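1. whatever this is, show me its structure:
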Amino acid sequence: MTHKTIYRLPQVKQRTGLSRSTIYALIKCGQFKAPISLGARAVGWLSSDVDDFLAARIKASRPDAK
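-> Next comes the predicted model:
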């Protein structure tokens, strides 16, 4: 059984260091995964999606690192 964690926007902002507007701009251009619906007025992001985004950013900024 795999355990999935969902981050709300404040947690995503804290983990990435990005602002709300930047996160949504990245979603619009396809560089950040869209949130999942949690209810009528609530969304969240899978922690694995946020981790994948951060790993890609690290890899892009350090092309010589393994």
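2. so where is this protein shaky, pLDDT-wise?
-> Counting by pLDDT under 70, the chain has low-confidence residues at 1-2, 65-66.
3. now with 90, please.
-> Residue ranges of the chain with pLDDT under 90: 1-4, 62-66.
4. show me how far the longest helix along it is from its chain's centre.
-> Taking DSSP state H as the criterion, the chain has its longest helix at helix 47-61. Offset of helix 47-61 from its chain centre (CA atoms, centre = their mean, to the nearest Å): 8 Å.
5. 668 is where my numbering starts, stick with that
-> Okay, residue one is now 668; in that scheme the one you just asked about reads as helix 714-728.
6. pull out the buried positions in it.
-> Across helix 714-728, burial judged by 16 or more other CB atoms under 10 Å covers 714, 716-717, 720. Yep, even glycine has a C-beta here, placed from its N, CA and C like the rest.
7. CA atoms only for that helix, dumped as PDB, please.
-> Taking Å, rounded to 0.1, in the frame of the first residue of the first chain, the C-alpha atoms of helix 714-728 are listed here in PDB:
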ATOM      1  CA  SER A 714       3.800  15.600  -2.900                       C
ATOM      2  CA  SER A 715       5.400  13.400  -5.500                       C
ATOM      3  CA  ASP A 716       4.500  16.000  -8.200                       C
ATOM      4  CA  VAL A 717       6.100  18.800  -6.200                       C
ATOM      5  CA  ASP A 718       9.200  16.600  -5.500                       C
ATOM      6  CA  ASP A 719       9.500  15.800  -9.200                       C
ATOM      7  CA  PHE A 720       9.300  19.500 -10.100                       C
ATOM      8  CA  LEU A 721      12.100  20.300  -7.600                       C
ATOM      9  CA  ALA A 722      14.300  17.400  -8.800                       C
ATOM     10  CA  ALA A 723      13.900  18.700 -12.400                       C
ATOM     11  CA  ARG A 724      14.900  22.200 -11.400                       C
ATOM     12  CA  ILE A 725      17.900  20.900  -9.500                       C
ATOM     13  CA  LYS A 726      19.000  18.800 -12.500                       C
ATOM     14  CA  ALA A 727      18.500  21.700 -14.900                       C
ATOM     15  CA  SER A 728      20.500  24.100 -12.800                       C
END
